[in-house]
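Student: Could you work out the structure for the sequence below:
(chains A, B, C and D)
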2 protein chains.
Amino acid sequence: MEQEDPRTRILDAAEELFYGQGVQAVGMDAVRAASGMTLRRVYQHFPSKNDLVEAYLQRRDGRWRASLAVHVARTGGTPREQLLSVFDWLGRWFAEPGFRGCAFVNSFGELGATTPAVAAAARHHKEEFAGYLAGLVEAVGAPPETAVHLTLLAEGAITAAAIHGDPGAAADAKEAARLLLDAALAART
Amino acid sequence: MEQEDPRTRILDAAEELFYGQGVQAVGMDAVRAASGMTLRRVYQHFPSKNDLVEAYLQRRDGRWRASLAVHVARTGGTPREQLLSVFDWLGRWFAEPGFRGCAFVNSFGELGATTPAVAAAARHHKEEFAGYLAGLVEAVGAPPETAVHLTLLAEGAITAAAIHGDPGAAADAKEAARLLLDAALAART
DNA sequence: CATCGGCGAGAACGGTCGTTCTCACTTCAC
DNA sequence: GTGAAGTGAGAACGACCGTTCTCGCCGATG
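Tutor: You can find the predicted model right below:
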């Protein structure tokens, strides 16, 4: 079980380092050391650091959204409960050791101006998340603007939790989401 | 009028470069060139790049919050109008050319894990902003949780506007803030 | 006038980074 | 057994970065 396939081992090491310290602060040699491979092998799988960064972001996007979707689906209950459970999932994420905010926001700030692929990855990730939330909001029967509002709350909670190191931002955002949801549903004709 | 004092010229150049491209992507020589000074003079005023980065963040924090406060104060009107005008100010900021999100969030993602002073600057900036918003919320007569909720909305709007390049996030956040404010005031006994 | 301190311009230094190369060694085909 | 191809370990390379140093020049002081 120690012998995952090489690509995965490299990506695991890269993800931990890139997310934990920032992309530019991590050299390829650190990725090599953490993955327990030789530099040649690393470059065989990812011809450049940029390729590795893009793969890191792409894999993280898929995993992040899948984990959220699984959590919401397993929650069951009413559509409303499912929607609000998004914020519970965020709270658990915030409380994980080493949590340091959204990898895509961080990468965007660091490389977005220089590397268009990173900016595109961040945009894609945020759009997918907003779209997912929109689906949940629609199931509740609230208007689309509500989805936008809840997306902003979730986004803000991620940033606030990262900078203040306080996972409680998720509960705050959940409470605000509840209020917005109630207001939107009450305004229905 | 071209002859500002050297410290200001250096900080002006550093701010534009650091904010626009990320701190690590900008070398000291680029700061020297953009400020039109010699490297020796730059190091006379800021003994290391870290010092320059900290000064950049500190000055930007002061200016940012002062600009916001001035806008709100000039808005006048009811406390409620003043509070909501925060989001108008955000919208104008988002629409500025070269807007690339919150300098403190960006720096935090890039250097927060490595440079404690940067993490502290980001924390301080966000705490001051949250405190300012709390004051406006109190003047409206809404409970303190409402201030937390509006802070999350503003934070989320900044991130969303940066990544999607869409200043409209400010208007979305303002609409959500209005709803939250109404809900909070209606719940008053 | 002589001397001294500070200046601008840029070279130099030590270190690091992304990437490639060397080289001895193994493995396998024939 | 012999050649080819691939591997691991790490050195090497070229570029750049933060920082310091050199050096020729200028202006002020006595």
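Student: So which elements touch the host helix or strand of A:Gln44?
Tutor: Using DSSP states H and E, A:Gln44 sits in helix A:39-45. Judged by 3 or more C-beta pairs under 8 Å, 6 or more residues apart in numbering or on different chains; DSSP states H and E, helix A:39-45 is in contact with helix A:6-21, helix A:28-35. All C-beta spots, glycine's among them, are computed from the backbone N, C-alpha and C.
Student: can we see that at 10 Å?
Tutor: Helices and strands touching helix A:39-45, by 3 or more C-beta pairs under 10 Å, 6 or more residues apart in numbering or on different chains; DSSP states H and E, are helix A:6-21, helix A:28-35, helix A:49-75.
Student: Mean neighbour count, distance to DNA strand C and mean pLDDT added to those, as a markdown table?
Tutor: Formatted as a markdown table, the helices and strands packed on helix A:39-45 follow (neighbours: other C-beta atoms under 10 Å in any protein chain shown; distance: least, C-beta to the nearest atom of the strand, whole Å; pLDDT from 0 to 100):
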| stretch | mean neighbour count | distance to DNA strand C | mean pLDDT |
| --- | --- | --- | --- |
| helix A:6-21 | 19 | 10 | 97 |
| helix A:28-35 | 17 | 4 | 97 |
| helix A:49-75 | 16 | 4 | 98 |
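Student: and the helix holding A:Gln44 with DNA strand D, contact?
Tutor: Yes: with C-beta under 7 Å from any atom of the strand as the criterion, DNA strand D is reached by helix A:39-45 at A:39-41, A:44.
Student: Out of the residues you listed, give me the two with the largest separation.
Tutor: A:Leu39 and A:Gln44 (9.7 Å; C-beta to C-beta).
Student: so what's A:Phe108 up against?
Tutor: A:57, A:102, A:115, A:118-123, A:125-126, B:22, B:100-101, B:105-106, B:109, B:159, B:162-163 (C-beta atoms under 10 Å, 6 or more residues apart in numbering or on different chains).
Student: Tell me the buried residues within those residues.
Tutor: A:57, A:102, A:115, A:118-119, A:121-123, A:125-126, B:22, B:100-101, B:105-106, B:109, B:159, B:162-163 (16 or more other C-beta atoms under 10 Å in any protein chain shown).
Student: Might you specify the subset of the residues you listed located within helices?
Tutor: A:57, A:118-119, A:121-123, A:125-126, B:105-106, B:109, B:159, B:162-163 (DSSP state H).
Student: ok, and does the strand or helix carrying A:Tyr132 reach over to chain B?
Tutor: Using DSSP H and E, A:Tyr132 falls within helix A:116-140. Yes: using C-beta under 10 Å from any C-beta of the partner chain, helix A:116-140 reaches chain B at A:119, A:122-127, A:130.
Student: Now do that helix and helix A:49-75, the angle between them.
Tutor: 10 degrees (axes from the mean of the first three to the mean of the last three C-alpha atoms, to 10 degrees).
Student: quick one: the nearest residue to A:Lys126 once chain neighbours are set aside from DNA strand D, how far?
Tutor: Spatial nearest neighbour of A:Lys126, excluding adjacent residues (C-beta to C-beta, 6 or more residues apart in numbering or on different chains): B:Ile163 at 5.3 Å. For B:Ile163, the distance to DNA strand D equals 26 Å [C-beta to the nearest atom of the strand, to the nearest Å].
Student: cool, A:Ala177 as well?
Tutor: A:Ala177 is 42 Å from DNA strand D, by C-beta to the nearest atom of the strand.
Student: returning to that earlier point: could you dump the helices and strands packed on helix A:39-45 into JSON lines with distance to DNA strand D added?
Tutor: Formatted as JSON lines, these follow (distance: least, C-beta to the nearest atom of the strand, whole Å):
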{"stretch": "helix A:6-21", "distance to DNA strand D": "9"}
{"stretch": "helix A:28-35", "distance to DNA strand D": "8"}
{"stretch": "helix A:49-75", "distance to DNA strand D": "12"}
